[in-house]
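Visitor: what shape does this take:
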Amino acid sequence: MNGQERVIAYRSADSFAFFYGICSSDDDTRSLALNGICEVFNRWLDGYGSPPGGRSIDVMCGSEYTCSSDPRIFIREQLPDLLRLSIDCPFSDVRERCSEILSDLQSRGIEIPHKRFTGVSSFIPSAEAVSADETDKITYKLLVMAYLQNNRLEHLFQVMAYHPPYLECFLRTQQYLMRGDGPLPFNYRHYIAIMASAQHKCTYLINIQTSEYLLQCGDEHWLQSLERIPSKLSKLSEVNELLRYQPWLISEKHIEKLAKGEDNWSISELMQAFVLLIHFQSLSSFVFGCGVNPEADHPDGHVYGPMITLENSTNCDKERLANAPDEDQDRGNDNGVKMLVERMTSLTEDCTGTGISEEELLQRFEKFETANAELIADCLQFSSMSLPSVHSEGLVNHLQQELGGQEPIMKRSTYRFQDYSWEDHGYSLSNRLYLEIGTLLDEKLIVVQNLTYHTMGESGCVDTSSFRQAIWNYVQCLYGIRHDDYDYDLVDRLLEEDLKSYIRIVSFHPERVTKDDYSRFMPYLKHSEKVHINLILLEARLQAQLLYSLRAITRYMT
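Guide: Below you'll find the predicted structure:
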C-alpha cells in the first residue's frame, strides 16, 4: 500500500439488490416488481409516485437511497444493470420492459449506456451461440435456473449451454459451493473466489464475485488490498499461488502452517477453501479459453456516448485478436476430420485384443516426457510480460500486483495416478471433510468424461473416446500426473500440434489466449465441439489440482 493509493467507491448491497424483485419465475411477481421499479425511477426523476404497497424508497432500496443527494446519481448507478437485463434475461417480459425504461429515461435527458461487446463470446459468432429465445425446453429450463440462482444470466452459462448435461451439474455444484451448507461464511467464500480468479487476471469472474461479496455485506476495505484482509485469509495466498503453476509442491507442511498457530483453519474449512480456489482457477481457464465477453453491467462491458460495439475483445490484449483466420472457409475443409476419424478407427482396431506391458507403457511415457520436456518447461515458466487489465482500478489492479507470481518455478515432479486416485482416495476424503462436495464433483467429472454426441465436425457416428481421453491425459501429464495404464504415444498420434499448444496456454496461461489460438486449432470443428474441449480442459485441470491438495491433506492427517 502506498500513501497515494486511490480509494475506490463500491456500490452498496442494497444497490446491487435493487432489481432482485424481478428474479422470479412467477409472471405476476415480476410484473409487480417491474411496476415498482418504474415508479422508483419516476420518483428519482420527478419526485412523485411511490413503490407498490406504499413502501418508501428508503425501505425498498436501502437507507442510502434518499432524496438528500442528486437522484440522477442513483439512476446512473442502476443503468448498467438495467442494460444487462434488457439483453440477457430468459424472460422476454423483463427484457422488453427494461428496454422501455431505458428508452423512457433517454427521452427524459438521461444518458444511457450501450453494450460494448457483441454476443456472449468474442470467439463465437452471435448467430451460432445458444439463445434463451431459440433453444429447446431442457436448455431453456437450465438457463432459467441459472438466472434464478444467480440473479443474472451470465455469459459463462450461455456458453456452457451448448452442453446441457454438464451445465446442470455445474450449476448444482457451484450453487452448493457458494450458497449451500459449509463451514465458511458466505463473504469468505466470495472473497476466496476473487483471490483465485485474480491469479489469472480474470476480470470477468472478479467482477461477478465482487458483486456477490458486497451483497453478502463484505467489508469494502478488503477489496482495496490484501493488506486489509484478515490474516486467516491472507495465509491462503501461498497455496493459491502454488495451485496456479506448481500444485505438485503443495505438501503436508503447507497444511500444517494453515491448520496450526494463530488464526488457524480447521481441516473442513481448508477443504472448502481448496475447492473454491481450484474451482475458480480452473473456471478462469474456461472463461479465457472460450473468449467469454464481459457482462453488460461490468465496468468494461458498457460505454456511454455513441454506440460502439467491439467484436473481437475479451479480458486479454484486444490488439492480438484482430488477425483471426476465416473460420467459415476453414471449417468447410473436412479433410482434417476425415483423417483424424480414420486414425481413431485404426487405433481402436489395433488395440482390440492386444496388450502392452507396464514396462513398455512406462518407457513410452518417459519417451513422451523427454520429447516434450522443453515445451512443458516453457509453459511452466512465469513470464514477466504484463497484460493490460481492461478494468485498471481497484481490486483487480491490487490483486494482480500482490498475487503477481514471483516465486521461481521448481522442477516438475510426477506421480502415478493410481497411487493417489480420485476414485480410491480423493472422493471419500472430500465427502468426509465437506459433506456432499465429493459426490457433486464426481457427478460433474463423470458427465464431462462421458459426454459425446458421436460427431466431429460434419462427420457422424464417430467414436471420440480415444480423442477425449488423449486430451484429458495430456492436461494431467502437464500437471505431472501419469496414468500408468495409458499409452502416451496416442497423444502425439491424436492431438495436432496447434491443439496441444492451445491446451498448454489454456492450462497455465489462459489470460494469454487469443482468438487466433482458438480459431487455428482444428478449424473444421463446430463451436460447440471447441467448447466441449474446453470443458475437458477445465475438469482435467481441476482434478489434477484437487488431487495434489487432497494428497497433502491426507499426509497431514496421517
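Visitor: from residue 234, how far out is the residue nearest to residue 229 when sequence neighbours are not counted?
Guide: Nearest-residue entry for residue 229: residue 222, 4.6 Å, with adjacent residues in sequence omitted and distances by Cβ to Cβ, 6 or more residues apart in numbering. For glycine as for every other residue, the C-beta is placed from the backbone atoms N, C-alpha and C. Using Cβ to Cβ, to the nearest Å, residue 222 is found at 10 Å from residue 234.
Visitor: can you check residue 416 too?
Guide: Residue 416 sits 35 Å away from residue 234, going by Cβ to Cβ.
Visitor: residue 222 and residue 234 - which one has more neighbours?
Guide: residue 222 (18 against 15; other Cβ atoms under 10 Å).
Visitor: dump the residue contacts of the more buried one.
Guide: By Cβ atoms under 8 Å, 6 or more residues apart in numbering, residue 222 lies in contact with 191, 228, 229, 233.
Visitor: out of these, which is most surrounded?
Guide: Using other Cβ under 10 Å as the neighbour criterion, residue 191 leads the contacts of residue 222 with 26 neighbours.
Visitor: does anything pack onto the strand or helix carrying residue 101? Which helices or strands?
Guide: If you go by DSSP states H and E, residue 101 is part of helix 92-107. Applying 3 or more Cβ pairs under 8 Å, 6 or more residues apart in numbering; DSSP states H and E, one finds that helix 92-107 contacts helix 27-46, helix 71-87.
Visitor: and the gap between the residue nearest to residue 229 and residue 232?
Guide: Distance from residue 222 to residue 232, by Cβ to Cβ: 12 Å.
Visitor: one more: residue 86?
Guide: 41 Å.
Visitor: those two: which is more packed in?
Guide: Neighbour count, other Cβ under 10 Å: between residue 86 and residue 232, residue 86 has more, with 21 against 15.
Visitor: which residues touch the closest residue to the more buried one other than its chain neighbours?
Guide: Leaving aside its sequence neighbours, residue 86 sits nearest to residue 98 (Cβ to Cβ, 6+ apart; 3.9 Å). Contact analysis of residue 98 by Cβ under 8 Å, 6+ apart lists 82, 83, 85, 86, 89.
Visitor: now those residues in CSV, with pLDDT and distance to residue 498?
Guide: Formatted as CSV, the contacts of residue 98 follow (pLDDT from 0 to 100; distance: Cβ to Cβ, whole Å):
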residue, pLDDT, distance to residue 498
82, 96, 42
83, 97, 37
85, 97, 39
86, 96, 39
89, 95, 37
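Visitor: identify the residues contacting the host helix or strand of residue 197?
Guide: Assigned by DSSP H and E, residue 197 belongs to helix 186-198. With contact meaning Cβ under 8 Å, 6+ apart, helix 186-198 is reached by 177-179, 182, 184, 205-206, 209-210, 212-213, 216-219, 222-223, 229, 233, 236-237, 240, 243, 272-273, 276-281, 283-284, 395-396, 399-400, 403.
Visitor: I would like the residues contacting the next helix or strand after that helix, please.
Guide: Next helix or strand after helix 186-198 toward the C-terminus (DSSP H and E): helix 203-215. By Cβ under 8 Å, 6+ apart, the list of residues contacting helix 203-215 from outside reads 10-13, 16-17, 152, 154-156, 178, 187, 190-191, 193-194, 197-198, 220, 223, 280, 283-284, 287, 292, 294-295, 298-300, 315, 389-391, 395-396, 399.
Visitor: those in strands, which ones?
Guide: Judged by DSSP state E, strands contain none of the contacts of helix 203-215.
Visitor: what's the ChimeraX line that selects buried ones from those residues?
Guide: To isolate the buried ones among these in ChimeraX, judged by 16 or more other Cβ atoms under 10 Å, type:
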select :10,11,12,13,16,17,152,154,155,156,178,187,190,191,193,194,197,198,220,223,280,283,284,287,292,294,295,298,300,315,389,390,391,395,396,399
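Visitor: strands of the stretch 451-558 of the chain, residue ranges please.
Guide: Residue ranges of the strands in the stretch 451-558 of the chain, as given by DSSP state E, counting those that start in this stretch, are 455-456, 459-460, 481-482.
Visitor: tell me how far residue 72 lies from residue 83.
Guide: Residue 72 is 16 Å from residue 83, where distance means Cβ to Cβ.
Visitor: just the strands of the stretch 451-558 of the chain: most buried one?
Guide: Ranked by mean neighbour count under mean count of other Cβ atoms under 10 Å, the strands of the stretch 451-558 of the chain are led by strand 481-482, which reaches a mean of 22.
Visitor: give me the more crowded residue out of residue 72 and residue 83.
Guide: A count of neighbours by other Cβ under 10 Å puts residue 83 above the other of residue 72 and residue 83, at 22 against 14.
Visitor: hmm, who's touching the host helix or strand of residue 176?
Guide: In this structure, residue 176 sits in helix 164-179 according to DSSP H and E. Under the criterion Cβ under 8 Å, 6+ apart, residues 138-139, 142, 145-146, 149, 157, 160-161, 182, 186, 189-190, 193, 212, 272, 275-276, 279, 436-437, 440-441, 443-444, 447-448, 451, 535 lie in contact with helix 164-179.
Visitor: wait, what's in contact with residue 552?
Guide: Here residue 552 is in contact with 250, 251, 252, 254, 255 (criterion: Cβ under 8 Å, 6+ apart).
Visitor: quick check: closest non-adjacent residue to the second one.
Guide: This points to residue 251. residue 552 (5.3 Å).
Visitor: hang on, the earlier thing: please pick the buried ones from the contacts of helix 186-198.
Guide: Buried members of those, counted by 16+ other Cβ under 10 Å: 177-178, 182, 184, 205-206, 209-210, 212-213, 216, 218, 222-223, 229, 233, 236, 240, 243, 272-273, 276-281, 283-284, 395-396, 399-400, 403.
Visitor: could you export stretch 468-477 as PDB, CA atoms only?
Guide: Listed next in PDB are the C-alpha coordinates belonging to stretch 468-477 (Å, rounded to 0.1, in the frame of the first residue of the first chain):
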ATOM      1  CA  ARG A 468     -11.200 -37.100 -25.500                       C
ATOM      2  CA  GLN A 469      -9.000 -39.400 -23.300                       C
ATOM      3  CA  ALA A 470      -5.900 -38.100 -25.100                       C
ATOM      4  CA  ILE A 471      -6.800 -34.500 -24.200                       C
ATOM      5  CA  TRP A 472      -7.600 -35.400 -20.600                       C
ATOM      6  CA  ASN A 473      -4.300 -37.300 -20.100                       C
ATOM      7  CA  TYR A 474      -2.300 -34.700 -21.800                       C
ATOM      8  CA  VAL A 475      -3.600 -32.000 -19.400                       C
ATOM      9  CA  GLN A 476      -2.800 -34.100 -16.400                       C
ATOM     10  CA  CYS A 477       0.600 -35.000 -17.800                       C
END
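Visitor: kind regards, and thank you for your time.
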